[in-house]
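Chemist: how would this look folded up:
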Amino acid sequence: MSFITDSTVLVVGTGYVGSALVLRLRATGNRVIALTRQPRAAMAGEHVVTADVLEPASLTAIDAAIDYIVYLVSPDQPNDEGYRAAYVDGIRNVLEYSALRQPSLKRVLFASSTAVYGQSDGSWVDETSPTEPTSFHGQRLLEAERLLGAWVLPHSVVRFGGIYGPGRQRLLTSVIDGTASVAHEPVYTNRIHRDDCAGLLVHLMSLQSADSLYLGVDHEPADRRAVLEWLARATQSRPPAVKDDPEQRRQGNKRCSNSRVLATGYRFAYPSFREGYAEMIDRLGHGSRASP
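Modeler: Below is the predicted model:
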């Protein structure tokens, strides 16, 4: 696993993953330009550009030569209109800005999602698998991916699984408070820790030659029941209730392979949910059996 140094990186969107990426890039000696609509007090030490990807004229506030762009925006609204604006319209505006003003740009990285896959039968998927999303968010993300692919710009799309980590512990909380439930049949889930999201993006920027598509998931697609039962043991909580829940299967049930990512030499800090959640449990002080 390697790192870039002495590069200028435009991070578009400084939310959960973006803020972690900014810190990691700065720690390895890069200049980071954080593009955000609402600067936060915690970003006082960053080079911040206040702009909106939906207002192309505002992007002219970026006055430096950029080596890499990382697109990490989130929709304002969890509906089709919100996803179209954030991903399709937003990435189009950034690409048009880049084509006009950034002739030395080395690569654009775009954070997508495994929601672009429609498989729900527990089968394995990789970068070559068919993409037939049934949800609006998967459809809009796939549209944005294709838009990016049509531009003559070096790029890498990373389809991330469910992102978890500090501050994102809804699943863990549901086990501790006794509201968690699982289906009778296996429902496979795919996830990646926030720190590995940031680490993988930095690693891909460091590669001399990167593929145009990667699956950003950890080593172990896991049955949701196995995850929740492990969390219950680790926190000394009661096991989750077992009941029929068709909604769980509709939300996913596929197994995503990270073999292409591993072939690049990236090493995961959290290879499975066990390492990631064990650390979170220790921080919360719940239970004494939180070990991978």
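
Chemist: Helices along the stretch 1-150 of the chain, start to end?
Modeler: 16-27, 80-83, 90-101, 136-149 (DSSP state H, counting those that start in this stretch).

Chemist: closest to I69 out of these?
Modeler: helix 90-101 (6.4 Å; Cβ to Cβ). Backbone N, C-alpha and C define where each C-beta goes, glycine included.

Chemist: neighbouring contacts of that closest one?
Modeler: Helix 90-101 is contacted from outside by 12, 53-56, 59-60, 62, 66, 69, 71, 73, 105, 108, 110, 144, 147-148, 151, 153, using Cβ atoms under 8 Å, 6 or more residues apart in numbering.

Chemist: repeat that for 6 Å
Modeler: 53, 56, 59, 71, 73, 105, 144, 147-148, 151 (Cβ atoms under 6 Å, 6 or more residues apart in numbering).

Chemist: and V242, what does it touch?
Modeler: With contact taken as Cβ under 6 Å, 6+ apart, V242 is in contact with V182.

Chemist: So what sits opposite it in the bridge?
Modeler: On the basis of DSSP bridges, V242 is bridged to V182.

Chemist: What residue, apart from its backbone neighbours, is nearest Q139 spatially?
Modeler: Excluding its sequence neighbours, the residue lying closest to Q139 (Cβ to Cβ, 6 or more residues apart in numbering) is P133, at 5.0 Å.

Chemist: now swap in A85 and tell me
Modeler: L54 (6.0 Å).

Chemist: how near is the closest residue to V53 other than its chain neighbours to D76?
Modeler: Spatial nearest neighbour of V53, excluding adjacent residues (Cβ to Cβ, 6+ apart): G90 at 3.7 Å. Note on G90: its distance to D76, by Cβ to Cβ, to the nearest Å, is 11 Å.

Chemist: what about the two, which has more around it?
Modeler: The residue with more neighbours, out of G90 and D76, is G90; 20 against 13, by other Cβ atoms under 10 Å.

Chemist: So what's the residue count around the closest residue to I91 other than its chain neighbours?
Modeler: Distances taken as Cβ to Cβ, 6+ apart put A144 closest to I91, at 5.1 Å, once the chain neighbours are dropped. A144 has 24 neighbouring residues, counting by other Cβ under 10 Å.

Chemist: Please tell me I have it right and A144 contacts V88.
Modeler: Yes. Look at A144 against V88 with Cβ atoms under 6 Å: they come within range, at 5.0 Å.

Chemist: list residues touching both of those two?
Modeler: Applying Cβ under 6 Å, 6+ apart, one finds that no residue jointly contacts A144 and V88.

Chemist: quick one: L213 and V158 touch, right?
Modeler: No. Contact criterion Cβ under 6 Å: L213 and V158 do not qualify, at 8.0 Å.

Chemist: more neighbours, those two?
Modeler: A count of neighbours by other Cβ under 10 Å puts V158 above the other of L213 and V158, at 21 against 18.

Chemist: helix, strand or coil for that one?
Modeler: Using DSSP: H, G, I helix; E, B strand; the rest coil, the structure places V158 in strand.

Chemist: Just the pLDDT for it.
Modeler: Looking at V158, its pLDDT reads 98.

Chemist: cool, and R101?
Modeler: 84.

Chemist: now it: how far from S209?
Modeler: 25 Å.
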